[in-house]
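Enquirer: The following block contains a protein sequence and its predicted model.
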Protein chains: 2
Amino acid sequence: MRYELYYWSDLQGRGEFIRLALEEAGAPYVDVARKGKRGMAAMMKILQDRRGKRPPFAPPFLKAGNVVVAQTANILHYLGARTGLCPRDEASRLWAHQLQLTITDLVVEIHDTHHPVGSGLYYEDQKPEAKRFTGNFLSERTPKYLSYFETVLKKSGGPYVLGRKFSYVDLSLFQLVAGLRYAFPNAMKPIEKKVQRVVKVHDLVIARPRIEAYLNSDRRLAFNEMGIFRHYPELDE
Amino acid sequence: MRYELYYWSDLQGRGEFIRLALEEAGAPYVDVARKGKRGMAAMMKILQDRRGKRPPFAPPFLKAGNVVVAQTANILHYLGARTGLCPRDEASRLWAHQLQLTITDLVVEIHDTHHPVGSGLYYEDQKPEAKRFTGNFLSERTPKYLSYFETVLKKSGGPYVLGRKFSYVDLSLFQLVAGLRYAFPNAMKPIEKKVQRVVKVHDLVIARPRIEAYLNSDRRLAFNEMGIFRHYPELDE
């Protein structure tokens, strides 16, 4: 199966969670919108024309033959069963998906650190609100979420969230740690000390051959201030 | 199977999407935290002690025998297959779940109309920001989401989001319309005119015998200013 991933061409964003899974699985895929202007046009056509019978609301979405799957966690749920990135029994699939949806919730809050008042406005038009939101986010929310995953890792017996079995959730945890470090290098230092199992997942992921090759390739976009994880020094104090 | 639903006792919130599904399915369930102080204590114990091997991050969560499932959309995904509230084939399950996750995204934004700066703060401490957020939410976001579901209903052939087959997604659409009407009665009037298929789903749901009985029972909590849908007149202008 040759997959087609549709996501914005210039940022990691939510699409990165899918890219990491496709790369780790060694699955053949095309990152459609990054294939020049025609790629972006193809994505916008699917979004705007809504010609398909089951149109996605927003990127990322994945085409697999005639199937179009949208919503990041749903795509991973779908891919997990097909690529070995999740055990096939229902209880494991539900649990992995539940964890991924908790990551989704955290990703929304990360986005809101720079856009608390509205996605349609510039960061520059909501800086005081962003500062207020981020203060609470770094002191309360990030520690709460990451310590939850620390507990999950403790209970699983480690080193992965499902125990000895590696899954797409570990890839997403890696991305969370990498992104939070990029956005909030100062604030993350004391937080990381309390979630060493989570940090260990990050380290195990970057040592995986396919991920290492991916991270060193030009397929991996750099973090930037168009994505979810943005480094605005004034927010990281 | 006798289900145990765990959710805050005094509000509809995210738990209401689960209650509606259990009621429509005629599934035997206990709304644990509403069974007095011991119920709330039982819920908090599961959340805080995290004794289970796979602890939930937050309510709502559902116990079904030994299985504990969390995350609203994941619970509905689980229940859908067991209660006839979703077709059993994989493509339909993925599609229904994708739609439910889009509803989840909208629910986050609805929550943020009164809490844009942080869940830990009172509404009174973020009123100017709430007003700014809600302006954009009502002029751009609500029409965008609801017109998306209008398109889905048009493409399905109606009257339900999956066509002639009723599903838990229809129950959630009902709850969205009812909640948005409660929170923003003025702003919703012109919006509804453009999404008549969505409004029709609402009307079909309240006419279903089990839902009608539920809505008239004391099991249905009233909307209030502790839930997701809050009526603050100053935001509805």
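Expert: Happy to help now that I have it. Numbers count the residues shown, from 1 in each chain, chains lettered A, B, ... in the order given.
Enquirer: need the next SSE after the helix ranked longest in chain A, C-terminal direction.
Expert: For chain A, the longest helix by residue count, based on DSSP state H, is helix A:90-114. Using DSSP states H and E, the helix or strand that follows helix A:90-114 in sequence is helix A:127-136.
Enquirer: That following helix versus helix A:90-114: what angle between them?
Expert: Here helix A:127-136 runs at an angle of 140 degrees relative to helix A:90-114 (axes from the mean of the first three to the mean of the last three CA atoms, to 10 degrees).
Enquirer: hmm, whichever helix or strand comes after helix A:127-136 in reach of chain B?
Expert: Next in sequence after helix A:127-136, counting helices and strands by DSSP H and E, comes helix A:142-156. Yes. Helix A:142-156 is in contact with chain B by CB under 8 Å from any CB of the partner chain, via A:145, A:148, A:151-152, A:155. Where you see a C-beta, it was placed from the backbone N, CA and C, and this is true even at glycine.
Enquirer: ok so, going back, the longest helix of chain A and chain B in contact?
Expert: Yes. For helix A:90-114, a contact with chain B is found by CB under 8 Å from any CB, at A:91, A:94-95, A:97-98, A:101-102, A:105, A:108, A:112.
Enquirer: Just the buried ones from those residues?
Expert: A:94-95, A:97-98, A:101-102, A:105, A:112 (16 or more other CB atoms under 10 Å in any protein chain shown).
Enquirer: Can you name every helix or strand that the lowest-mean-pLDDT helix or strand in chain A contacts?
Expert: Least confident element among the helices and strands of chain A, by mean pLDDT, DSSP states H and E: helix A:36-49 (a mean of 88). When contacts are defined as 3 or more CB pairs under 8 Å, 6 or more residues apart in numbering or on different chains; DSSP states H and E, helix A:36-49 packs onto strand A:3-6.
Enquirer: repeat that for 10 Å
Expert: For helix A:36-49, the packing partners by 3 or more CB pairs under 10 Å, 6 or more residues apart in numbering or on different chains; DSSP states H and E come out as strand A:3-6, strand A:61-64.
Enquirer: okay, the buried ones among the residues of helix A:90-114 next to chain B in CSV with distance to B:Asp170 and pLDDT next?
Expert: Below are these laid out as CSV (distance: CB to CB, whole Å; pLDDT from 0 to 100):
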residue, distance to B:Asp170, pLDDT
A:Leu94, 23, 97
A:Trp95, 27, 98
A:His97, 22, 98
A:Gln98, 24, 98
A:Leu101, 21, 98
A:Thr102, 26, 98
A:Asp105, 24, 98
A:Asp112, 30, 96
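Enquirer: Just give me the closest of these to A:Ala25.
Expert: Nearest to A:Ala25 out of those is A:His97 (CB to CB; 16.9 Å).
Enquirer: thinking again about what came up before, what packs against the longest helix of chain A?
Expert: helix A:15-25, helix A:72-83, helix A:127-136, helix A:142-156, helix A:168-183, strand B:67-70, helix B:72-83, helix B:90-114.
Enquirer: can you give me the offset of the last one from its chain's centre?
Expert: A distance of 9 Å separates the C-alpha centroid of helix B:90-114 from that of its chain, computed with CA atoms, centre = their mean, to the nearest Å.
Enquirer: Same check on the fifth one?
Expert: Taking the mean of its C-alpha atoms, helix A:168-183 sits 7 Å from the chain's own mean (CA atoms, centre = their mean).
Enquirer: before we move on, what about the shortest one?
Expert: The chain centre lies 18 Å from the centre of strand B:67-70; the measure is CA atoms, centre = their mean.
Enquirer: Can you list the strands that it pairs with?
Expert: With DSSP bridges as the test, strand B:67-70 is paired with strand B:61-64 (antiparallel).
Enquirer: Tell me the pLDDT of the spatially most distant residue from the centre of chain A.
Expert: Within chain A, A:Arg51 marks the point farthest from the mean C-alpha position, 27.8 Å out by CA atoms, centre = their mean. On pLDDT, A:Arg51 comes in at 73.
Enquirer: next one: A:Gly120
Expert: pLDDT at A:Gly120 comes out at 82.
Enquirer: Need the nearest residue in space to it, chain neighbours excluded.
Expert: Using CB to CB, 6 or more residues apart in numbering or on different chains and skipping the chain neighbours, the partner closest in space to A:Gly120 is B:Asn136 (5.5 Å).
Enquirer: Read off the pLDDT value for the one you found.
Expert: 93.
Enquirer: residues contacting it?
Expert: When the contact criterion is CB atoms under 10 Å, 6 or more residues apart in numbering or on different chains, the partners of B:Asn136 are A:117-121, B:109, B:113, B:142.
Enquirer: And A:Ser217, by the same measure?
Expert: A:Glu23.
Enquirer: picking up where we left off before, any chance of the helices and strands packed on helix A:36-49 in a markdown table, plus mean pLDDT and mean neighbour count?
Expert: Converted to a markdown table, the helices and strands packed on helix A:36-49 look like this (pLDDT from 0 to 100; neighbours: other CB atoms under 10 Å in any protein chain shown):
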| stretch | mean pLDDT | mean neighbour count |
| --- | --- | --- |
| strand A:3-6 | 98 | 22 |
| strand A:61-64 | 97 | 22 |
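Enquirer: Next, format those strands as TSV and append distance to A:Lys165.
Expert: Formatted as TSV, the helices and strands packed on helix A:36-49 follow (distance: least, CB to CB, whole Å):
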stretch	distance to A:Lys165
strand A:3-6	23
strand A:61-64	23
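Enquirer: Quick check: A:Ala91 touching B:Gly65?
Expert: No. The pair A:Ala91 / B:Gly65 is not scored as a contact, 11.0 Å apart, by CB atoms under 10 Å.
Enquirer: Let me know how buried A:Gly157 is, in neighbour terms.
Expert: Counted with other CB atoms under 10 Å in any protein chain shown, the neighbours of A:Gly157 add up to 11.
Enquirer: Now it: closest residue in space that isn't a chain neighbour?
Expert: In this structure, A:Gly157 finds its nearest non-sequential neighbour in A:Gly163, 5.0 Å apart by CB to CB, 6+ apart.
Enquirer: Give the bridge partners for that neighbour, please.
Expert: Here A:Gly163, judged by DSSP bridges, has bridge partners A:Tyr160.
Enquirer: Now do the phi/psi pair for A:Tyr29.
Expert: Torsion angles at A:Tyr29 (phi, psi; degrees, to the nearest 10) stand at phi -150, psi 160.
Enquirer: mind showing which ranges of chain A have poor pLDDT?
Expert: Applying pLDDT under 70 to chain A flags the ranges A:50.
Enquirer: residues in contact with A:Glu225?
Expert: Going by CB under 10 Å, 6+ apart, the list of residues near A:Glu225 reads A:11, A:114, A:123, A:183, A:231-232.
Enquirer: buried stuff in the helix or strand hosting A:Ala213?
Expert: Counting by DSSP H and E, the element that carries A:Ala213 is helix A:209-215. Buried residues in helix A:209-215, counted by 16+ other CB under 10 Å: A:211, A:214-215.
Enquirer: Measure how buried A:Lys35 is and give me the count.
Expert: For A:Lys35, using other CB under 10 Å, the count is 12.
Enquirer: returning to that earlier point: contacts for the helix holding A:Ala213?
Expert: By CB under 10 Å, 6+ apart, the surrounding residues in contact with helix A:209-215 are A:19-20, A:22-26, A:171, A:174, A:178, A:204-206, A:208, A:219-220.
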